[in-house]
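Engineer: pasting a predicted model and its sequence here:
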Amino acid sequence: MSHPEAPEAPEALEATEAPEDLEAPEALIPVPEVEPGTAGPPCAYARLRAEQPVVKAQLPNGETGWLISRYEDARAAFADPRLVRPLLSAWPPREGDDAPPPCLPTFLEMTGEHHARVRRAVLPMFGRGQLEFMRPRIRAMAEELVDTMVAGADGGVADLVASYADPLPLRVLCETVGLPYEDRDVYLPHTLALLGASGLSMEEVLAALYALQDYASELISRKEKDGEGEDYIHLLLAEARRPGGELTRDDVVSFVVTMLMAGYKTNIQHTSNALLVLLTHPEQLRMLREQPEKTPAAVEELLRYVPLMNAINILVATEDFTLHGQQIRAGDAVVPVPASANRDPEAFAEPDRLDLARTPNPHIAFGHGPHACTGGHLTRMQLATALQVLLERLPGIELAVPAETLPWDESTPLRAPARLPVRW
């Protein structure tokens with residue numbers, strides 16, 4: 001999920017002039033696939049970074065897009081004003097009578113003054129200082145989950161995914177945003193469907209998106225009847241009602257949809273993968289247990305090392321330009337790949353080595369520029385607290401089975417272990 005306290009100054013990809021003889025059509029490659037039983041990134045990106053840093057690929061939904069695999073290019077692409085995120089309901093584009101009605105934009109898809117206005121109102125709520133009220137609450141949730149896991153362990157073994165990594169992010173999201181935990185069977189199926197959107201038909205994407213938007217609107221109607229509250233939905237509704245306020249009611253609906261899409265499954269998958277990485281690097285796990293003050297640096301390295309996503313950032317060019325000899329046309333999809341960029345040896349020394357003390361660590365797990373993920377600080381706080389509580393309560397924690405025998409959830413691009421049997 002947020003990065004900087006204020007948007008970075010707009011950047012742009014450094015266009016390179018293409019010789020005339022490079023106008024011939026480029027052969028499509030498939031999007032590199034993650035090796036089974038791993039979170040990625042796909043090994044194929046190393047070759048693309050070296051030989052084809054901008055290459056046209058066949059995307060999972062049958063469309064084509066330009067994969068951008070190098071760190072500097074991907075970072076610049078996220079902040080390039082010539083590249084915009086399309087509405088989920090409008091990409092791939094369809095014209096004529098069968099064109100679907102537009103959905104409300106999520107925060108990632110808002111543009112121009114609309115995006116600037118909403119970001120001014122929402123971003124301060126997700127700053128480090130403003131979120132401090134959540135730290136003791138996250139710790140209490142994590143401690144309760146560990147206690148329950150220990151009490152219910154079968155023969156001293158428990159599943160760290162089902163007991164800890166899975167329930168914690170949803171509880172944190174509900175507590176912060178104001179989502180009713182008891183409604184999870186209503187909103188989670190639609191959320192999970194949208195996270196697999198790159199492999200769904202447009203009809204399936206729209207059905208899930210409209211359903212999630214309807215749920216958010218109905219929830220906000222309930223909140224409006226409740227009156228004042230301390231959760232973020234209530235606070236944003238108060239801003240929408242304020243004369244001259246920066247937000248509209250539709251913006252609050254978009255906020256709920258955005259938080260569900262960006263703040264739930266991604267955090268579960270990343271937490272599960274981060275725990276697996278630590279459990280399979282016992283010397284670094286020991287260092288973190290003995291020096292908990294290094295947790296913030298460890299969190300940044302886990303965000304860099306474990307992909308939050310592999311290749312699902314669709315941007316659309318608004319004008320023609322040339323990059324690394326490739327002619328990108330207005331309307332083309334451009335796909336910067338953070339998972340590849342964060343393993344670029346030009347940006348990170350020994351990028352394939354886990355180094356929990358790595359500094360500086362300018363990863364782009366949360367994107368970059370004006371659309372850098374709003375909830376990044378909450379994600380950092382959640383992961384840091386989850387690690388600290390686990391190592392404090394269960395200092396001897398270890399995998400109960402060989403890592404190579406673990407089952408994996410590979411139903412979305414956000415690959416993660418389906419189970420993590422541990423003992424302590």
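Structural biologist: All right, it came through fine. Everything numeric here is computed off the predicted structure, so don't read it as measured data. Numbering: from 1, shown residues only.
Engineer: and the next helix or strand past the longest helix along the chain?
Structural biologist: Ranked by residue count, the top helix of the chain under DSSP state H comes out as helix 202-226. Counting by DSSP states H and E, the next helix or strand C-terminal to helix 202-226 is helix 232-241.
Engineer: summarise which helices and strands the next helix or strand along the chain from that following helix is packed against.
Structural biologist: Going down the chain from helix 232-241, the next helix or strand is helix 249-263, by DSSP H and E. Packing contacts for helix 249-263, counted by 3 or more C-beta pairs under 8 Å, 6 or more residues apart in numbering; DSSP states H and E, involve helix 112-122, helix 167-177, helix 184-195, helix 202-226, helix 232-241. From N, CA and C alone the C-beta is placed, and that goes for glycine too.
Engineer: residues in contact with helix 249-263: which ones?
Structural biologist: Helix 249-263 has contacts (C-beta atoms under 8 Å, 6 or more residues apart in numbering) with 1, 104-108, 110, 118, 121-122, 169, 173, 177, 179, 187, 191, 194-195, 209, 212-213, 216-217, 219-220, 232-233, 236-237, 240, 373-375, 378-379.
Engineer: average pLDDT for that helix?
Structural biologist: For helix 249-263, the mean pLDDT works out to 92.
Engineer: now that helix: buried residues?
Structural biologist: By neighbour count on 16 or more other C-beta atoms under 10 Å, the buried set for helix 249-263 is 251-263.
Engineer: before we move on, what about stretch 166-185?
Structural biologist: 166-179.
Engineer: what do you get for stretch 124-137?
Structural biologist: By 16+ other C-beta under 10 Å, the buried positions in stretch 124-137 come out as 125-126, 131, 134.
Engineer: end-to-end on it?
Structural biologist: Start and end residues of stretch 124-137 are separated by 20 Å (C-alpha to C-alpha, to the nearest Å).
Engineer: pLDDT of that stretch, averaged?
Structural biologist: pLDDT averaged over stretch 124-137 gives 94.
Engineer: same check, this time on stretch 292-310
Structural biologist: 94.
Engineer: dump the C-alpha coordinates for it into CSV.
Structural biologist: Only the C-alpha atoms of stretch 292-310 are listed here, as CSV (Å, rounded to 0.1, in the frame of the first residue of the first chain):
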residue,chain,number,x,y,z
PRO,A,292,15.2,-5.8,17.1
GLU,A,293,16.2,-2.2,16.5
LYS,A,294,17.2,-3.3,13.0
THR,A,295,13.6,-4.2,12.2
PRO,A,296,12.8,-1.0,10.1
ALA,A,297,15.8,-1.7,7.7
ALA,A,298,14.8,-5.4,7.6
VAL,A,299,11.2,-4.4,6.6
GLU,A,300,12.6,-2.3,3.7
GLU,A,301,14.8,-5.2,2.5
LEU,A,302,11.9,-7.6,2.7
LEU,A,303,9.8,-5.2,0.6
ARG,A,304,12.6,-5.1,-2.0
TYR,A,305,13.4,-8.8,-2.0
VAL,A,306,9.9,-10.3,-1.9
PRO,A,307,7.8,-9.1,-4.8
LEU,A,308,4.6,-7.3,-4.0
MET,A,309,3.7,-7.9,-7.6
ASN,A,310,5.5,-9.3,-10.7
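Engineer: thinking again about what came up before, would you tell me which one of the helices and strands packed on helix 249-263 is buried the most?
Structural biologist: Scoring these by mean neighbour count under mean count of other C-beta atoms under 10 Å gives helix 167-177 as the most buried, with a mean of 21.
Engineer: pLDDT weak spots in the stretch 151-300 of the chain?
Structural biologist: Scanning the stretch 151-300 of the chain for pLDDT under 70 picks out 196-200.
Engineer: rerun at 80
Structural biologist: 195-202, 205, 227-228 (pLDDT under 80).
Engineer: cool, the stretch 1-150 of the chain as well?
Structural biologist: 1-26, 61, 88-103.
Engineer: contacts for stretch 32-43 next, please.
Structural biologist: Residues from elsewhere that reach stretch 32-43, judged by C-beta under 8 Å, 6+ apart: 44-45, 48, 269, 273, 276, 306-307, 310-311, 337, 339-340, 342-343, 404, 406, 408, 410, 413, 415-416.
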